[in-house]
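> need coordinates for the below:
(one chain, ligands or ions: 4)
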Amino acid sequence: MRKKLVLIGNGMAGVRTVEELLRADPSLYEITIIGKEPYPNYNRIQLSSVLQGDKKIDDIFLNTYEWYSRNGITLHTGEEATLIDRQRKRVLTDKGREIPYDKLIVATGSLPFMLPLPGADKEGVIAFRDIKDCETMMETARHYRKAVVIGGGLLGLEAARGLLNLKMDVTVVHIFHHLMERQLDETAAIMLQAELEKQGMRFLLSKQTTKIMGPKRVTGVMFADGSTEKADLVVMAVGIRPNVEMAKRSGLEVNRGIVVNDYMQTSDPDIYAVGECAEHREIVYGLVAPLYEQGQVLAKHLAGVPTDPYTGSVTFTSLKVSGVDVYSAGEFRDGGNTRAIRIHDEAQGIYKKILVRGNRVAGAVLFGDTSDGQKLFSLIRKRADISAFGKLSLFGGADEAAAGTDWASVPDDEMICGCNGVSKGVIVDAIRNRGCTTVEQIKGCTNASRSCGRCKGQVAEILQHMLSELGESAAAAPVKAGMCGCTTLSHDEVRREIRAKGLRSTREVMHVLGWSNPEGCSKCRPALNYYLGMLFPEDYEDESDSRFINERVHANIQNDGTFSVVPRMYGGVTSPEQLRKIADVAEKYNVRMVKVTGGQRIDLLGVKKEDLPKIWEELDMPSGYAYGKAIRTVKTCVGSTFCRFGTQDSIQMGIDMERKFERLYTPHKVKMAVSGCPRNCAESGIKDIGVVAIEGGWEIYVGGNGGVELRAAELLVTVKSPEEVLEWSGAFLQYYRENAQYLERTSHWIERVGLKHVQDVLADPETRRELNERLDVALSVTKDPWKERVANPELRKQFEPITIG
Ligand SMILES: Cc1cc2nc3c(=O)[nH]c(=O)nc-3n(C[C@H](O)[C@H](O)[C@H](O)COP(=O)(O)OP(=O)(O)OC[C@H]3O[C@@H](n4cnc5c(N)ncnc54)[C@H](O)[C@@H]3O)c2cc1C
Ligand SMILES: NC(=O)c1ccc[n+]([C@@H]2O[C@H](COP(=O)([O-])OP(=O)(O)OC[C@H]3O[C@@H](n4cnc5c(N)ncnc54)[C@H](O)[C@@H]3O)[C@@H](O)[C@H]2O)c1
Ligand code: SF4
Ligand code: FES
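Numbering: from 1, shown residues only. Ligands and ions are numbered 1, 2, ... in the order given. Predicted coordinates:
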């Protein structure tokens, strides 16, 4: 039986440790992760980029919910571990859960330090640590103008730049007489301040804040010298404290952080600590590179793989503010038996200082041109003997950068991605031997550029260099976009290979087609699952784990973690009996909102996951697939049944289409409509398939889209009878299913391949017949997912309130 491993803290260090462990041996542990924040693991570092407007929250997730379920990890989000009952080897949570463990990792990170000032609890006083803080700042900037950031360290300056981008007027209050005194000497700090002032930031240095002013919401801050500064928003960025209270309560040895040995083991041999909450040899780290190094050692240790102990890390920092290049690694203050080698070009705004002790580089501070950063960092880490280097050759710098790095002469062990400890040699190997031909693929293979992203340019340069070195054909070939970072093959190529080689499972596809990441990723897995299901409808066993969350639970997840339920109503027609059932269910399960959708259906919003099967059972209506890459709704107008202008029975046509095509999975969602005359009340002109009745027949339009990119549907064909509408629509749908890329709407697909091409193919009656034949096979094996889950106790278990929060 597998041992139980529990991780407390669903953050950067803990989840990286789990990733490394799965890479070492995925079969060893049954893993449970408890995370206080209501999201999957995200890149906290990139919150600065979100605030600065360079990224969206959606871009910074490192692991999707699918990743957890694919790896068999039980995830409890929005839940806090409150105590470790070490006697009974259980973790207790604030939701009353008791989770047994054999091995436990504590990775609770840090808490931002909030200055205990009078008034610090006022509205508008926040920290900058998580998504919520980031959202609060963005929202505040919509209504208020004046921000004060307390703390002129890395975090404070990145926050200040973000608030400037959000059009706030920003003052940074710093206690020390120069900025970033924990990373920079005075010269570099003064240059940095001048640059940031040019960007519009204001500074109050050597200022000690004594009070937060205001009635309920902050209106200003007061300083020890009696002066004040107005503020509608105060961001405290004055450092962090390891989050150790729970560990302390549970009796673990805690100093500043949770005390660990060289294998990250705490005072309890079955409990480990990793990340910002851990104290190793009296050091607590606050940057990802050392935390990932800790994670690597811990993962190997847990997997029983021989590993060197963790002996501590040399760190580097770099400010993520656009237009400013600052880099600091190792020691940075003069003195302490070090000699300084300096270049200071005031005209060009460049300052470089290297501190040397004996024959080794002990540290470096760079401003204005940081291109030597990683080279110097490598020398510091390796403790390289530099006696053979001329003083100035240590600074390759601007000239070398201008000429472009000669990557052939860079040693393989030179560190390229400091955050993830990836050297040039590892990147070269990924390109040469693991088939990587894009920066994304290298990221997937090696983690390079997955954290702060500053090394991305260098990774791209190495890639270019290698492609030319690997021969003319590679150099000449444009860097091809594979379907994701795991493969260089395009969607079309993958589909062709699956068909040609008769591959029957996602694992087999990945193995035979040489996926660089043997597990695949959230992009390729759903696509492969779709292609396999489409190509082999009768034999392929759907891999629910490869589907997006909505398709796994057959309901649409909402922004608060609840779900929506949309039962099918063919052609948008309902009955008093159905309406009564819907009303009863809505009342019984306290459904928060009942809403009519744009597709003429009724949506029950705010449903708890555990209530889904009960609601489906009591509704006793088919799933409307409102959550899937599938046939959605057929919207109809009243047509000739009631309307004075109606030329045909659009309602019946819509009902027949929906009954025929329901439950069919497609590359992306497919919406349809039928209008009873060209007045087009059902909006057939912006649907994937839009049917319009005319005197004596029907027009079929395709490729319309009413979403973000509005696109009018184009006339595919005019036919005479309802049977022909079904025949042409079926052939069109199957041709789209077989030829579009996964996640390609009909509008994009038609633009890519051209309407003329589709018309030419479908003009042949024999081709239409064959397409419809294959479509019928696919339709014949579909089952209503709600009924299936209601009837099957095993499938119902999935909805018990445990996994994804
Ligand atoms: C805006 C910003 C920018 C940054 N930029 C950089 C950078 O450029 N380079 C760099 O190296 N570092 C940077 N950092 C620091 C980096 O993000 C951290 O070092 C890293 O996230 C720490 O990882 P961790 O896993 O130890 O902690 P976290 O990522 O904080 O994860 C800990 C998680 O545990 C959860 N948790 C805590 N207690 C409990 C409990 N009792 N039960 C359940 N869950 C719990 C927390 O909610 C949190 O989600 C930045 C940080 C911020 C805030
Ligand atoms: N680019 C990056 O690498 C980056 C970016 C953001 C955050 N981080 C990390 O996040 C963590 C938090 O960052 P941070 O900048 O808050 O921590 P920090 O400890 O590096 O800096 C805090 C700064 O606040 C100043 N300060 C302390 N008390 C003050 C007071 N009363 N008034 C005014 N200033 C005061 C300190 O002098 C110090 O310079 C750190 O571990 C940092 O390394 C890193
Ligand atoms: S599209 Fe024509 S038939 Fe249908 S409701 Fe509008 S006017 Fe009447
Ligand atoms: S140096 Fe930060 S991601 Fe590579």
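> name the residues of the stretch 51-200 of the chain found near ligand 1, please.
Residues of the stretch 51-200 of the chain found near ligand 1 (Cβ under 6 Å from any ligand atom) are Glu80, Ala81, Ala107, Thr108, Gly109, Phe128, Arg129, Leu155. Placement of C-beta: from N, CA and C, glycine included.
> longest helix in the protein, by residue count?
Secondary structure of the chain per DSSP state H: the longest helix is helix 722-739.
> that one packs against which elements?
Applying 3 or more Cβ pairs under 8 Å, 6 or more residues apart in numbering; DSSP states H and E, we find helix 722-739 packed against helix 650-661, strand 670-675, strand 689-694, strand 697-702, strand 714-719, helix 746-753, helix 755-762, helix 765-780.
> could you pull up the mean pLDDT of it?
Helix 722-739 comes out with an average pLDDT of 97.
> in that helix, what counts as buried?
Under the neighbour-count criterion of 16 or more other Cβ atoms under 10 Å, helix 722-739 has 722, 724-739 buried.
> okay, the angle between it and helix 746-753?
Put simply, helix 722-739 runs at 70 degrees to helix 746-753, going by axes from the mean of the first three to the mean of the last three Cα atoms, to 10 degrees.
> other residues contacting helix 722-739?
Contact with helix 722-739 is made by 534, 631, 652-653, 656-657, 660-661, 664, 666-667, 670, 672, 689, 691, 698, 700, 702, 716-717, 719, 746, 749, 753, 758, 761-762, 767-768, 771-772, 774-775, 778, as judged by Cβ atoms under 8 Å, 6 or more residues apart in numbering.
> apply 6 Å and report the result again.
For helix 722-739, contacts defined as Cβ atoms under 6 Å, 6 or more residues apart in numbering pick out 534, 653, 660, 666, 689, 691, 698, 700, 702, 717, 719, 746, 762, 768, 771-772, 774-775.
> lowest average confidence, helix or strand, in this structure?
Taking mean pLDDT, DSSP states H and E as the measure, the helix or strand of the chain with the lowest value is helix 472-476, at a mean of 39.
> C-terminal to it, what's the next element?
On the C-terminal side of helix 472-476, the closest following helix or strand by DSSP states H and E is helix 491-501.
> if we can go back for a sec, between the longest helix of the chain and helix 765-780, how many degrees?
Angle of helix 722-739 versus helix 765-780, following the same axes, to 10 degrees, is 80 degrees.
> number of residues surrounding Arg434?
Neighbour count of Arg434, defined by other Cβ atoms under 10 Å: 16.
> where does it sit relative to ligand 2, distance-wise?
Noted for Arg434: a distance of 29 Å to ligand 2, by Cβ to the nearest ligand atom, to the nearest Å.
> ok, that residue - contacts?
Cys445, Ser516.
> how about the residues of this protein by ligand 4?
So the chain meets ligand 4 at Cys417, Gly418, Cys419, Asn420, Ala448, Ser449, Arg450, Ser451, Cys452, Gly453, Arg454, Cys455 (Cβ under 6 Å from any ligand atom).
> mind giving me the domain split of this structure?
3-110+242-303, 125-238, 481-547, 551-780 (automatic domain parsing).
> residue of the stretch 351-500 of the chain with the smallest distance to ligand 1?
Distances between the stretch 351-500 of the chain and ligand 1 by Cβ to the nearest ligand atom are smallest at Cys452, namely 4.1 Å.
> okay, now that residue: neighbour count?
For Cys452, the neighbour count with other Cβ under 10 Å is 22.
> quick one: the strands in the stretch 551-700 of the chain, in order.
Ranges of strands within the stretch 551-700 of the chain are 556-557, 563-565, 593-596, 602-607, 631-636, 670-675, 689-694, 697-702, based on DSSP state E, counting those that start in this stretch.
> quick one: which of those strands is nearest ligand 3?
strand 670-675 (4.0 Å).
> direction included, what does the closest one pair against?
Counting by DSSP bridges, the strands paired with strand 670-675 are strand 631-636 (parallel), strand 689-694 (parallel).
> and stretch 778-785, how far from the chain's centre?
With Cα atoms, centre = their mean, to the nearest Å as the basis, stretch 778-785 stands 32 Å off its chain's centre.
> again with stretch 580-595
Its chain's average C-alpha position is 34 Å from that of stretch 580-595, according to Cα atoms, centre = their mean.
> the helices in the stretch 451-600 of the chain, which residues?
456-469, 472-476, 491-501, 506-512, 524-535, 549-553, 576-588 (DSSP state H, counting those that start in this stretch).
> helices and strands around the fifth one, which ones?
For helix 524-535, the packing partners by 3 or more Cβ pairs under 6 Å, 6 or more residues apart in numbering; DSSP states H and E come out as helix 491-501.
> and the helix it packs on, what does it pack against?
So helix 491-501, by 3+ Cβ pairs under 6 Å, 6+ apart, packs with helix 524-535.
> using CSV, list the CA coordinates for the helix it packs on.
Output in CSV follows, covering the C-alpha atoms of helix 524-535 (Å, rounded to 0.1, in the frame of the first residue of the first chain):
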residue,chain,number,x,y,z
CYS,A,524,-2.3,18.5,-24.8
ARG,A,525,-4.2,16.1,-22.6
PRO,A,526,-7.7,17.4,-23.3
ALA,A,527,-6.8,17.7,-27.0
LEU,A,528,-5.6,14.1,-27.2
ASN,A,529,-8.6,12.9,-25.3
TYR,A,530,-10.8,14.6,-27.8
TYR,A,531,-8.9,13.3,-30.9
LEU,A,532,-8.9,9.8,-29.6
GLY,A,533,-12.7,9.9,-28.8
MET,A,534,-13.4,11.4,-32.2
LEU,A,535,-11.3,8.9,-34.1
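> highest neighbour count among the residues of the chain next to ligand 4?
Highest count within the residues of the chain next to ligand 4 by other Cβ under 10 Å belongs to Cys417, 28 neighbours.
> tell me the phi and psi of that one?
phi -110, psi 100 (degrees, to the nearest 10).
> shouldn't it be in contact with Lys456?
No. With contact defined as Cβ atoms under 6 Å, Cys417 does not count as touching Lys456 (8.9 Å).
> adding mean neighbour count, write the strands of the stretch 551-700 of the chain out as TSV.
Putting the strands of the stretch 551-700 of the chain into TSV (neighbours: other Cβ atoms under 10 Å) gives the following:
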stretch	mean neighbour count
strand 556-557	18
strand 563-565	24
strand 593-596	12
strand 602-607	20
strand 631-636	28
strand 670-675	29
strand 689-694	25
strand 697-702	21
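> make TSV out of those and add mean pLDDT and distance to Gly358.
Listed next are those as TSV, based on pLDDT from 0 to 100; distance: least, Cβ to Cβ, whole Å:
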stretch	mean pLDDT	distance to Gly358
strand 556-557	82	59
strand 563-565	92	64
strand 593-596	96	71
strand 602-607	95	67
strand 631-636	97	71
strand 670-675	98	70
strand 689-694	97	76
strand 697-702	97	74
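> right, and the ones you listed - which one's nearest ligand 1?
Across the strands of the stretch 551-700 of the chain, closest to ligand 1 is strand 556-557 (Cβ to the nearest ligand atom), at 20.0 Å.
> now do stretch 88-99, average pLDDT.
97.
> end to end, how far does it reach?
Stretch 88-99 has an end-to-end distance of 10 Å (Cα to Cα, to the nearest Å).
> list phi and psi for Ile34.
phi -110, psi 130.
> and the gap between it and ligand 2?
Ile34 sits at a distance of 23 Å from ligand 2 (criterion: Cβ to the nearest ligand atom).
> wait, that residue sits on Ala81?
Yes. At 5.0 Å, Ile34 counts as touching Ala81 under the criterion of Cβ under 6 Å.
> now do the shared contacts for these two.
Shared contacts of Ile34 and Ala81, defined by Cβ under 6 Å, 6+ apart, comprise Ile8.
> pipe the domains of the chain into a markdown table and attach distance to Thr370 per row.
Below are the domains of the chain laid out as a markdown table (distance: least, Cβ to Cβ, whole Å):
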| stretch | distance to Thr370 |
| --- | --- |
| domain 3-110+242-303 | 16 |
| domain 125-238 | 11 |
| domain 481-547 | 27 |
| domain 551-780 | 38 |
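> top of the residues of the stretch 51-200 of the chain next to ligand 1 by number of neighbours, please.
Ala107 leads these on contacts (other Cβ under 10 Å) with 32 neighbours.
> alright, that wraps it up for me.
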